[in-house]
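In: Any chance you can model this:
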Amino acid sequence: MEETVTDNAAVTLVGFGALIVLLFFLIAWYKWHVFAALLIPILLFAALPTVDRVTFIDAFETGFGSTIESIAVVIVLGSIIAEALRHTGGIERITSSMIKMVGRRRMPLALTLSGFVIGIAIFSDVGYVILNPLVHSAALETGATMSTMATGLVGAMQLTHAMVPPTPGPLSAIALVGADVGKVILFGTLITLIGALAGWLFARLVGHRVPSPPSEEFTGQAVSEQDRKLPPLGLAYAPILVPLVLIAGQSVADLTLREGSIPHDILSFIGWPVFALSVGVALSYLLSHRMTGKQDKENRRDKWIENALRGSAMIIVVTGLGGALSEILQATPAVDTIANWVAGTGLPTIFLPFVLGVVGNMITGSTTVGVITAASIAAPMMEQLSLSPEATMLAGAAGSVIVKYVNSSYFWVCTSLSRMPLRSALISYGGVTLVNGVVSMLAVFGLWAAGAL
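Out: Below is the predicted model:
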């Protein structure tokens, strides 16, 4: 955009600082919903002196529209897949396969790997609600503490949920910075696997020292203790893995095939996120055929889509607001001022989106909002900071998982269901998300420094 919202750098920086402070108070103190808490400060920015309101309106509408046009349908499709896995036993089947792969004697590792896969598809709190009875049963059976058994799972689900599409946060951040989805999937999977295993090691080191006995109230509720028919293993994994492979294939085609060739065109189309996730939705419908009764199947599938639309709406509009904020900042001198200051410190510029992700998460308590916040603010500065879109997105996502504590709904879901004392939960769940985020960021930094990102 050639026109500027304001030419005054001081006004922009003061206004931006006030926006962040107001956002914090509206969410943390007054408990506003994140949509209203983000919208009002952005609109108040237009009241600052020297701001051209006509240009502000144009920047707001352009940023909002251009951001959601590329990800709205994709977020809905991803949410439908999540609903299907949630209601058809797909999550339990994935977990069961991990237990068989590593053995019941290594249950904490099996649960961590399950969380690593499940977090790619569904919201972390939903995953923990479903798996909580299994965690208690496994802890009772092995004599382990809940900290040992649950901590790796809690961290891994949050990590892939923040960094690997098709969950809403990564998709939104990808749209905001213009990253390649396939590259984010490939690098994000590698980074989060390293981070998740670090979380499992953390649980092994501290879990037995943290007072957190399992509860017998969940006995008989774990999937292994119920007479419930689960879907075939291939069908459980397919809605997650097939879209990821198709999207990653598009990126590989761009690197290896001549643009305009028939193979390139075919792989580009089937790797288009809308098509790839539509395939995932079709595979999810196959899962529903495990249910009895035609009417029951149809009602359940309709319910999945309704739930997905409701859950997606907030993410889509918040992402749009993030795009609006990014466009407004890009039309001010603040971008150059902040970028030049960061470059002048001599610190690696990759840590700016990381810090923004940490701040966004600490303010809102939401990993998804943290990812979006980091991408929104860092996107206009990528060129000045010599950052690729993929590095920017992944660094911000790594920051967004640090640290889950009392302002996070996910923290309270896991704490209450695991029947863990607050101090124990802060050590276990706060600690593992800190380890996850730091180790993942070190992996991002290593790949960026090596020129891979």
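
In: quick one: least confident helix or strand in this structure?
Out: Least confident helix or strand of the chain, by mean pLDDT, DSSP states H and E, is helix 294-330 with a mean of 81.

In: how far is that one from where the chain is centred?
Out: Averaging C-alpha positions (CA atoms, centre = their mean, to the nearest Å) puts helix 294-330 14 Å from its chain's average.

In: cool, and stretch 37-54?
Out: The answer for stretch 37-54 is 29 Å, by CA atoms, centre = their mean.

In: Ends of it, what's the gap?
Out: Stretch 37-54 has its terminal residues 23 Å apart, counting by CA to CA, to the nearest Å.

In: And for stretch 60-79?
Out: End residues of stretch 60-79 are separated by 27 Å (CA to CA).

In: do stretch 112-127 as well
Out: First residue to last in stretch 112-127 (CA to CA) measures 12 Å.

In: Would you mind pointing out the helix or strand the spatially most central residue of the chain falls in?
Out: The chain has Ala162 as the residue nearest its centroid, 2.3 Å off, counting by CA atoms, centre = their mean. Element membership of Ala162, judged by DSSP states H and E, is helix 146-163.

In: Run through the neighbouring helices and strands of the least confident helix or strand of the chain.
Out: helix 34-45, helix 53-68, helix 72-88, helix 168-177, helix 273-288, helix 367-378 (3 or more CB pairs under 8 Å, 6 or more residues apart in numbering; DSSP states H and E). (C-beta placed from N, C-alpha, C; glycine too.)

In: change it to 6 Å
Out: helix 34-45, helix 53-68, helix 72-88, helix 168-177, helix 367-378 (3 or more CB pairs under 6 Å, 6 or more residues apart in numbering; DSSP states H and E).

In: What lies in contact with the shortest one?
Out: When you say that, I think you mean helix 168-177. With contact meaning CB atoms under 6 Å, 6 or more residues apart in numbering, helix 168-177 is reached by 67, 70-71, 74-75, 162, 165, 181, 184, 315, 319, 322-323, 368, 371-372, 375-376, 379, 389, 392-393.

In: relative orientation of the following helix or strand past that helix and helix 273-288 in degrees?
Out: Later in the chain than helix 168-177, the nearest helix or strand by DSSP H and E is helix 181-206. Using axes from the mean of the first three to the mean of the last three CA atoms, to 10 degrees, the inter-axis angle of helix 181-206 relative to helix 273-288 is 60 degrees.

In: Show me the shaky parts of the stretch 251-400 of the chain.
Out: Applying pLDDT under 70 to the stretch 251-400 of the chain flags the ranges 290-301.

In: give me phi/psi at Val51?
Out: Dihedral angles of Val51 (phi, psi; degrees, to the nearest 10) stand at phi -80, psi 130.

In: for Thr142, phi and psi?
Out: Given degrees, to the nearest 10, the pair of backbone angles that Thr142 has is phi -100, psi -10.

In: Now it. Nearest residue, chain neighbours left out?
Out: Met107 (6.3 Å; CB to CB, 6 or more residues apart in numbering).

In: next one: Thr88
Out: Leu287 (4.2 Å).

In: isn't the one you found right up against Arg86?
Out: No: contact criterion CB atoms under 6 Å: Leu287 and Arg86 do not qualify, at 10.6 Å.

In: And Val154, how close does it get to Leu140?
Out: The gap separating Val154 from Leu140 is 18 Å, by CB to CB, to the nearest Å.

In: Between these two, which is the more surrounded one?
Out: Val154 (34 against 18; other CB atoms under 10 Å).

In: If you count surrounding residues, which of Leu287 and Arg86 has more?
Out: Leu287 (23 against 20).

In: List the contacts of the more buried one.
Out: Leu287 neighbours (CB under 6 Å, 6+ apart): 84, 88, 231, 235.

In: can you do 10 Å?
Out: For Leu287, the contact set (CB atoms under 10 Å, 6 or more residues apart in numbering) comprises 81, 84-85, 87-90, 93, 231-232, 235-236, 238-239, 301.

In: what do you get for Ile40?
Out: 19, 22-23, 26, 32.

In: do the same with Gln158
Out: 115, 119, 123-125, 127-128, 192, 195-196, 199, 367, 400-401, 404, 408, 410-411, 414, 429, 432-433, 436-437.

In: With Ile68 instead?
Out: Neighbours of Ile68 in contact, by CB under 10 Å, 6+ apart: 75, 172, 175, 315-324.

In: got any ranges where the stretch 101-250 of the chain has weak pLDDT?
Out: For the stretch 101-250 of the chain, the ranges with pLDDT under 70 are 219-228.

In: before we move on, the earlier item: export the contacts of Ile68 as CSV, with columns for neighbour count and distance to Leu38.
Out: Formatted as CSV, those follow (neighbours: other CB atoms under 10 Å; distance: CB to CB, whole Å):
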residue, neighbour count, distance to Leu38
Ile75, 27, 17
Ser172, 30, 13
Ala175, 27, 16
Ile315, 24, 12
Ile316, 21, 13
Val317, 17, 9
Val318, 26, 7
Thr319, 29, 11
Gly320, 26, 10
Leu321, 22, 5
Gly322, 30, 8
Gly323, 28, 11
Ala324, 26, 9
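
In: So which of those residues is the closest to Phe275?
Out: Ile75 (15.1 Å; CB to CB).

In: how much space between that closest one and Glu92?
Out: 25 Å.

In: Same question for Met146.
Out: Met146 is 19 Å from Glu92, by CB to CB.

In: The two: which has the busier surroundings?
Out: Per other CB under 10 Å, whichever of Met146 and Glu92 has more neighbours is Met146, with 28 against 23.

In: follow-up on the earlier one: most neighbours of all the contacts of Ile40, which one?
Out: Ranking these using other CB under 10 Å puts Leu23 first, with 22 neighbours.

In: That one: what secondary structure?
Out: Secondary structure assignment for Leu23 (DSSP: H, G, I helix; E, B strand; the rest coil): helix.

In: And it, what's its pLDDT?
Out: Leu23 carries a pLDDT value of 85.

In: how far away is it from Gly360?
Out: 9 Å.

In: any shared contact partners between these two?
Out: 369, 373.

In: sorry, back to before: which one of the helices and strands packed on helix 294-330 has the most crowded surroundings?
Out: helix 367-378 (a mean of 31; mean count of other CB atoms under 10 Å).

In: Run through who's touching the helix or strand just after that helix.
Out: Remark: after helix 367-378, the chain's next helix or strand is helix 382-385, criterion DSSP H and E. Helix 382-385 has contacts (CB under 10 Å, 6+ apart) with 177-179, 335-336, 338-340, 342-343, 348-350, 352-353, 378, 388-389, 391-393.
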